[in-house]
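>>> below: sequence and its predicted model.
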Amino acid sequence: MHNLASRRVVPGGICPICQTAEETIEHAILLCPWTRAVWFGSKFQWTINPNGLTSFDRWLLKGVNLIKSCSTDLETDLAVLSCIVWNVWKKHCKAIYQSVNPNPWMVIFIINSNQLEWNQSLHSNNQELREEIRTIPDREGWTPPPEGFIKINVDASWLSGNPFCSIGCVARDSNANVLLSSCRKVLAPTPLIAETLAIREGALIGHNLGWNNISIESDCKVAVDAYDAGKQMGEIRVLIQDIKDLQQRFQSCRVKWIARCKNQVSHLIAQLGLKNLLPPGWLWNLPKPIQKALIEDGRGIPPRF
């Protein structure tokens, strides 16, 4: 609109959405009130400061450098940044040419869905290799913790469009005795938040039951890496701090990444819980997929959870 106005194609260059400022590329993508809400509500939680903002390309380069300095998953975070810019511009054009007022919270939801599709696309590139690994009959499965420790395997199941995720947890001792299992649903707007909530759930279980030495295992490498590195990832920053605060209440509390093949039981509990396929009394009458996962762990099936 700014360029069209400068060429006198349109009568003025005021933003047709907020009608309070000149519609430059910087205003359209960064400074319009609804776009500020999108940037702050994104995983980066950025507050756009108009002071010193000279051009969009310089701002974008600064943002890329900031992500490079603190990201634990650079490729994904750069893809999310591109996705935010694209969706903001797309909704801006739709507002102008189709008279559809942009909803920042709907845009954030679309961005989170795009991020999930991106992650699934990345994972599918190695699907054939993972399938080959799964067919190896003597692959290493779940391993018991050292004597005196309780191992808590955790996982989360998340589905785009569903505000709730399902968290599955299984606690076992060094003799492979199942001490506790649980499944519950919690609010989680993104899969990364869901996986981090699952790790915190494991720490809460250990603390509430008075266990002194625990080992929490998750198959979400991004969340575990963020915990290990102590990096300030916007959307899970508070959760990571909660986990670290809980860690201080144990004699020993370890958080470790493991492959999905070593985390099958909690993974299945989370999946079945999200689909409402865990019947009443499932703790005493295990669904067959969970029985199979326990057998594949090489630890047999306990009489009950």
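Now that the structure is in, tell me what you want to look at.
>>> now the closest residue to residue 285 other than its chain neighbours: how far from residue 288?
What sits nearest to residue 285 in space, not counting adjacent residues and going by CB to CB, 6 or more residues apart in numbering, is residue 279, at 7.5 Å. Every residue, glycine included, has its C-beta placed from N, CA and C. Residue 279 is 12 Å from residue 288, where distance means CB to CB, to the nearest Å.
>>> same check, this time on residue 190
The value you get for residue 190 to residue 288, if CB to CB is used, is 31 Å.
>>> of those two, which one has the most company?
residue 190 (21 against 7; other CB atoms under 10 Å).
>>> quick check: closest non-adjacent residue to the more buried one.
Closest to residue 190 by CB to CB, 6+ apart is residue 112, at 5.0 Å.
>>> that neighbour sits in which helix or strand?
Assigned by DSSP states H and E, residue 112 falls within helix 104-124.
>>> and if you look at residue 254?
Residue-wise, residue 254 maps onto strand 252-257 under DSSP H and E.
>>> what are the buried residues along the helix or strand just after that strand?
Downstream of strand 252-257, the next assigned helix or strand under DSSP H and E is helix 264-274. By 16 or more other CB atoms under 10 Å, the buried positions in helix 264-274 come out as 264, 265, 266, 267, 268, 269, 270, 271, 272, 273, 274.
>>> do the same with stretch 247-257
For stretch 247-257, a neighbour-count test (16+ other CB under 10 Å) marks 247, 253, 255, 257 as buried.
>>> ends of it, what's the gap?
This stretch, stretch 247-257, spans 16 Å end to end (CA to CA, to the nearest Å).
>>> same question, stretch 158-177
Taking CA to CA, the first and last residues of stretch 158-177 lie 28 Å apart.
>>> again with stretch 15-34
Length of stretch 15-34, first residue to last, CA to CA: 12 Å.
>>> check contacts around the most centrally placed residue in the chain.
Geometric centre of the chain, nearest residue: residue 192, 0.9 Å, by CA atoms, centre = their mean. Applying CB atoms under 8 Å, 6 or more residues apart in numbering, we find residue 192 in contact with 43, 220, 222, 223, 233, 235, 236.
>>> could you dump those to CSV with distance to residue 89 and neighbour count?
Converted to CSV, these look like this (distance: CB to CB, whole Å; neighbours: other CB atoms under 10 Å):
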residue, distance to residue 89, neighbour count
43, 19, 22
220, 31, 22
222, 27, 21
223, 30, 30
233, 25, 24
235, 22, 17
236, 27, 25
